[in-house]
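Visitor: Fold the following, please.
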Amino acid sequence: MFFVQYDPSFHKGFDAITIKDIAQRATINRATFYAHYEDKYALLDEIIEQAFLKMIPGQVANAQEFTDEICSQLILMTYRYIVDFYQICRMDSKSIATLVDSKIKKMLRQIIEDIFLKGDDRQLARMVSAMTASAIYGAAYDWLIFGESDRPDLLVDIVRPYVMNGLGLNRN
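Guide: As a prediction, the model looks like this:
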């Protein structure tokens, strides 16, 4: 397995990048690429996942319950990840944006579901994690587009109470 880093000097948009381009940048041949990935979307999927997993704080990964602090960390982590992909990487393709959005929502949902699965009701954990992940992702994305992007702390202050109240976990 190999990992291709984003290179700002690479001026092609994702849709225009070929497997040949990727193989040349990674100094491998196309056969080696195809031995590991079905296509460039599979590679992108892995890059998204690996980058997201690296951002998960240990406290979140080991959480036994969904607390205010865990909620805050998930909001900030999601926001930072979205900022990285939408501002650092050139998101010039709807297909790549859709893939990134879908993958992050799925991974965020899984993190939250793992926390809620400490209880007994698997169906409830799946539903609650789906709604919570959508709320966090949607708010983080909206904050990037319309909010005060230099104030992620304010994002947390606005979103966390709604998430925690929605879950019936507000301890204030």
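
Visitor: In which helix or strand does the residue nearest the centre of the chain reside?
Guide: Centroid-nearest residue in the chain, with C-alpha atoms, centre = their mean: Ile104, separated by 3.2 Å. Taking DSSP states H and E as the criterion, Ile104 maps to helix 94-116.

Visitor: chain center to that helix, what's the gap?
Guide: Distance of helix 94-116 from the chain centroid (C-alpha atoms, centre = their mean, to the nearest Å) equals 6 Å.

Visitor: Going by neighbour count, list what's buried in that helix.
Guide: Using 16 or more other C-beta atoms under 10 Å as the test for burial, helix 94-116 gives 96, 99-101, 103-105, 107-109, 111-113, 115-116. Where C-beta positions appear, they are placed from N, C-alpha and C, glycine not excepted.

Visitor: Now do it: which elements does it pack against?
Guide: With contacts taken as 3 or more C-beta pairs under 8 Å, 6 or more residues apart in numbering; DSSP states H and E, helix 94-116 sits against helix 40-55, helix 68-83, helix 122-146.

Visitor: Let me know which of these is tucked in deepest.
Guide: Stretch with highest mean neighbour count among these: helix 68-83 (a mean of 20; mean count of other C-beta atoms under 10 Å).

Visitor: tilt between it and helix 122-146?
Guide: On the basis of axes from the mean of the first three to the mean of the last three C-alpha atoms, to 10 degrees, helix 68-83 is oriented at 50 degrees to helix 122-146.

Visitor: Report the contact partners of the residue nearest to the centre of the chain.
Guide: Taking C-beta atoms under 8 Å, 6 or more residues apart in numbering, we find Ile104 in contact with Ile48, Phe52, Thr78, Tyr81, Ile82, Tyr137.

Visitor: Now that we have the residues you listed, can you turn them into a markdown table and tack on pLDDT and distance to Asp150?
Guide: Listed next are these as a markdown table, based on pLDDT from 0 to 100; distance: C-beta to C-beta, whole Å:
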| residue | pLDDT | distance to Asp150 |
| --- | --- | --- |
| Ile48 | 86 | 25 |
| Phe52 | 89 | 23 |
| Thr78 | 94 | 17 |
| Tyr81 | 89 | 17 |
| Ile82 | 88 | 15 |
| Tyr137 | 94 | 20 |
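
Visitor: need those in JSON lines with distance to Ser129, can you?
Guide: Output for these, formatted as JSON lines (distance: C-beta to C-beta, whole Å):
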{"residue": "Ile48", "distance to Ser129": "19"}
{"residue": "Phe52", "distance to Ser129": "16"}
{"residue": "Thr78", "distance to Ser129": "14"}
{"residue": "Tyr81", "distance to Ser129": "18"}
{"residue": "Ile82", "distance to Ser129": "19"}
{"residue": "Tyr137", "distance to Ser129": "12"}
